[in-house]
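[1] structural data only, the sequence is not supplied:
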C-alpha cells in the first residue's frame, strides 16, 4: 500500500512538468496583443469614389512589447453596433488599408459613395486577437481633379499653348519651316512610277485600330496619296484589317477623289476588308502583291510581326516600298527591307509636311517646342540629379 | 517514322506546307490555303465579336440596366448607368450599318467621328504620360553616381535622339552633327532589336518544324 501511494505521488508530481496546462492557459491570457488605436476612415483621394482609406496607430505589441502581432484585419459595418464584415488584411507593421469597392451596383463588392461606414481593426496574433474601438464614420466620394496628375495638366496646357500659337501664326500666313523627309519626298516619284507602269498602288494602313495615333497619321497621308492617284488615274488598293479602319479609309479616299475633281473614278471596292486575324491578313496581302504586282507599296501605320513578311514579299514583287511606323520593334525590319522608312515620329510629321495645313503644321511646331523644353529639362535634370536636388525630378513625377 | 493517325494533324500539316509553298512563288496550292485561311479567320472573327462584344457586353449590360429600371424604379435605374450606358455603343454601331443605304450613309460618319475623336483625345493623355513625362523622368540621371558612364550614354543618346526628331531646323552644322549621332544611337538600338526579334521568329519556325516532323511524321520527339 505504501509503495502504491509513493508511486501515485511520484506520478502526480512528475505530471506537473510533463503536462503544464495552467502555465499554457496563463500564457494565452498574457499573449493577447494590445489593440490598435486611433482608427480613422476617410475617402481615398484622387479617385472616382467607391473607396475608403482606413488608418490606425499600430498595436503596442507590433514590433515592440510582446511583439506578437502577425496581421491586422479590417472590418466594416454600416452602423457602429452592426455586424462587422471582414474587408481585408495587412501584415504587421502596416497601418493603412484601402477598402476598394466596386462601382457596379450589381457587384457583391459594391461600395456606394456618400454612404457612411464604420470600421474596426483587429490585431491578430497566433489565434488570439484584440479589436480596436469603432472608428468615426467615413464615406467615399469622387474628385474632379487628380492632384497626382498635375504635371500632366501643366504639360497639356503648355503643349496646347504652343500648338495654338503656331496654328495662329500659320493661319496668318507665316511660313513655318519643316525639314524635308526622304520617305515623303519619294511619294510623288513612287506614284508617278506606278502611273508610267500602268500598275496599281498598294496602301497598307497596318493592324492598328482607328483610334491609334499611327493609324490617324496614316489616314492623313492616305488622303494626300489618294488625291495624287486620282489626278494620275492610278488605281489604289487598300486591304483593311479592321472594319472601322476600312470605313474611315473609304471616306478618306472618297473625299480625296472628290477634291481632285474625279469622283467618277472612285471605286469603293478597292478599299476592302480582308480579315482581322494577323497572319491570315498577311497571307491575303501577300497574295495580292504577287498577283496584282503593284508598282508601289505603302506600309504606313501600326505594324507588328507581319512587317518583315510584307516588306520582303513586296521586295520580291519588285515594288518601290515606303514604310513608316511608331512600333519600335518593327522599324528595323522596315529599315532593312523597304526603300524609304519613316522612323517613329517622322510618320506624324509626314502628315503635316504633306498636308501643309495650318492646323497640322502648327501642331508639329508645337511638338518641336515641346521637345525643346524636354531637351532643356534633360540637361538641367542631369545637373540637378548630380547635385542631389530631388525637387527637379518630382516635377515630372506622375501618380497614376 | 510514325505518321500521326489524327486527321486534324494531317489537315494542319498539309495547310502549313501550303503556306510554306509560297517560298516557291504564287501557286494554286498556296491560293487555296490563303483563301481558306482568310475566309475561315474572317468568319471566326465575326462570330467571336458577335458573342464576346455584341452579346456578352452590349446585350447583357443593357438587359441588366433595364432590369434595374423595372425592378428598382427610375432613380435607381438612372444611377445604374454602368450598365445601361452600353446602349450608346449599340446606337453608334447601328449608325455604322446605315452605310449600307447610300442615301443616308453619311450618318455613319457620326460614329466614325465619335470613335476617332474621343479615343484620340483619350490617347493623347496616355501618350503624353507614357511617351513624354515618364520618359523624361527616367532619363534624368545623375552623372556623378556610381554608374556615371552608363548614365552619360543614356543622357547623350536621348539628347541626340531628340535633336534628330526636331523637324523645325535643317540638319546642318553642329545641329546636323548631333542629329547624326542621334541616328547612330537609333540604328544601334534597331540592330539590337532586329537580332532579338529574329531569335523569337526562329523559335516560331522551330515550333512549326516540331509540328511537322514530330506531331505529324513522328520523326522526332
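    Ah, there it is. Since we're looking at a predicted model, the values are computed, not measured.
[2] so residue A:287 touches residue B:34, yeah?
    Yes: checked against Cβ atoms under 8 Å, the pair residue A:287 and residue B:34 is within contact range at 4.9 Å. Bear in mind the C-beta positions are built from the backbone N, C-alpha and C, glycine included.
[3] which residues of chain A score low on pLDDT?
    Within chain A, the segments meeting pLDDT under 70 span A:1-30.
[4] find me the pLDDT at residue B:66, would you?
    Confidence per residue is given as pLDDT, and for residue B:66 that number is 94.
[5] how close does residue A:284 get to residue A:245?
    15 Å (Cβ to Cβ, to the nearest Å).
[6] which one of these two has more residues nearby?
    Legend: neighbour count by other Cβ atoms under 10 Å in any protein chain shown for residue A:284 and residue A:245, higher for residue A:245 (28 against 22).
[7] the biggest helix by length in chain A vs chain B: in contact?
    Criterion DSSP state H: the longest helix present in chain A is helix A:358-386. Yes: contact of helix A:358-386 with chain B (Cβ under 8 Å from any Cβ of the partner chain) involves A:364-365, A:367-368, A:370-372, A:374-375, A:377-379, A:381-382, A:384-386.
[8] drop anything exposed from those residues.
    With neighbours counted by 16 or more other Cβ atoms under 10 Å in any protein chain shown, the residues of helix A:358-386 next to chain B contain buried members at A:364-365, A:367-368, A:370-371, A:374-375, A:377-378, A:381-382, A:384-385.
[9] name the element the residue minimising distance to the centre of chain B belongs to?
    Against the mean C-alpha coordinate of chain B, by Cα atoms, centre = their mean, the closest residue is residue B:123 at 14.5 Å. Using DSSP states H and E, residue B:123 sits within helix B:108-127.
[10] what does that helix contact?
    Helix B:108-127 is contacted by residues A:152, A:156, A:210-213, A:216, A:244, A:247-248, A:251, B:92-93, B:95-99 when judged by Cβ atoms under 8 Å, 6 or more residues apart in numbering or on different chains.
[11] how does it look with 10 Å?
    With Cβ atoms under 10 Å, 6 or more residues apart in numbering or on different chains as the contact definition, helix B:108-127 has outside contacts at A:149, A:152-153, A:155-156, A:159-160, A:209-213, A:215-216, A:219, A:244-245, A:247-248, A:250-251, A:326, B:88-89, B:91-101, B:130.
[12] can you tell me which of those residues are in strands?
    Taking DSSP state E as the definition of strands, these contribute nothing to them.
[13] out of those, which end up buried?
    A:149, A:152, A:155, A:159, A:209-213, A:215-216, A:219, A:244-245, A:247-248, A:250-251, A:326, B:89, B:95-96, B:98-99.
[14] in helices, which of the residues you listed fall?
    In helices, judged by DSSP H, the following of these are found: A:152, A:155, A:159, A:213, A:215-216, A:219, A:244-245, A:247-248, A:250-251, B:89, B:95-96.
[15] what's the closest non-adjacent residue to residue A:143?
    Excluding its sequence neighbours, the residue lying closest to residue A:143 (Cβ to Cβ, 6 or more residues apart in numbering or on different chains) is residue A:46, at 6.0 Å.
[16] is it correct that that neighbour falls within a strand?
    No: the secondary structure assignment for residue A:46 gives coil rather than a strand, going by DSSP: H, G, I helix; E, B strand; the rest coil.
[17] contact partners for it?
    A:142, A:143, A:145, A:146, A:147, A:148, A:149, A:399, A:400.
[18] give me that answer again for 7 Å
    In this structure, residue A:46 makes contact with A:143, A:146, A:147, A:148, judged by Cβ atoms under 7 Å, 6 or more residues apart in numbering or on different chains.
[19] go on, residue A:342?
    Contacts here follow Cβ under 7 Å, 6+ apart; on that basis residue A:342 touches A:181, A:183, A:324, A:350.
[20] what sits closest to it if chain neighbours are left out?
    Across the structure, with Cβ to Cβ, 6+ apart as the measure, the residue nearest residue A:342 apart from its sequence neighbours is residue A:324 (3.0 Å).
[21] neighbouring strands of the one helix or strand that neighbour maps to in the sheet, and parallel or not?
    For residue A:324, the enclosing helix or strand under DSSP H and E is strand A:320-325. Take DSSP bridges as the rule and strand A:320-325 pairs in its sheet with strand A:296-302 (parallel), strand A:340-343 (parallel).
[22] what's the following helix or strand after it?
    Counting by DSSP H and E, the element that comes right after strand A:320-325 along the chain is helix A:331-337.
[23] now the helices: where do they sit in chain A?
    If DSSP H is used as the criterion, the helices of chain A fall at A:2-18, A:21-31, A:150-171, A:182-197, A:213-232, A:243-259, A:278-292, A:307-316, A:331-337, A:346-355, A:358-386, A:390-394.
[24] so which of these comes closest to residue A:272?
    Distances from residue A:272 to each of those were compared using Cβ to Cβ; the minimum, 6.9 Å, belongs to helix A:243-259.
[25] remind me what that closest one packs against, helices and strands.
    With contacts defined as 3 or more Cβ pairs under 7 Å, 6 or more residues apart in numbering or on different chains; DSSP states H and E, helix A:243-259 has these neighbours: helix A:213-232, strand A:236-240, strand A:271-273, helix B:108-127.
[26] tell me which of these sits nearest to residue B:23.
    Closest to residue B:23 of the helices and strands packed on helix A:243-259, according to Cβ to Cβ: strand A:236-240, at 21.7 Å.
[27] please enumerate the helices of chain B.
    When secondary structure is read from DSSP H, chain B shows helices at B:7-20, B:28-49, B:60-72, B:74-79, B:81-84, B:86-97, B:108-127, B:134-139, B:148-164, B:173-210.
[28] how about a markdown table for those helices, with distance to residue A:303 added?
    A markdown table is the format used below for the helices of chain B (distance: least, Cβ to Cβ, whole Å):
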| stretch | distance to residue A:303 |
| --- | --- |
| helix B:7-20 | 20 |
| helix B:28-49 | 18 |
| helix B:60-72 | 33 |
| helix B:74-79 | 44 |
| helix B:81-84 | 35 |
| helix B:86-97 | 25 |
| helix B:108-127 | 18 |
| helix B:134-139 | 22 |
| helix B:148-164 | 21 |
| helix B:173-210 | 12 |
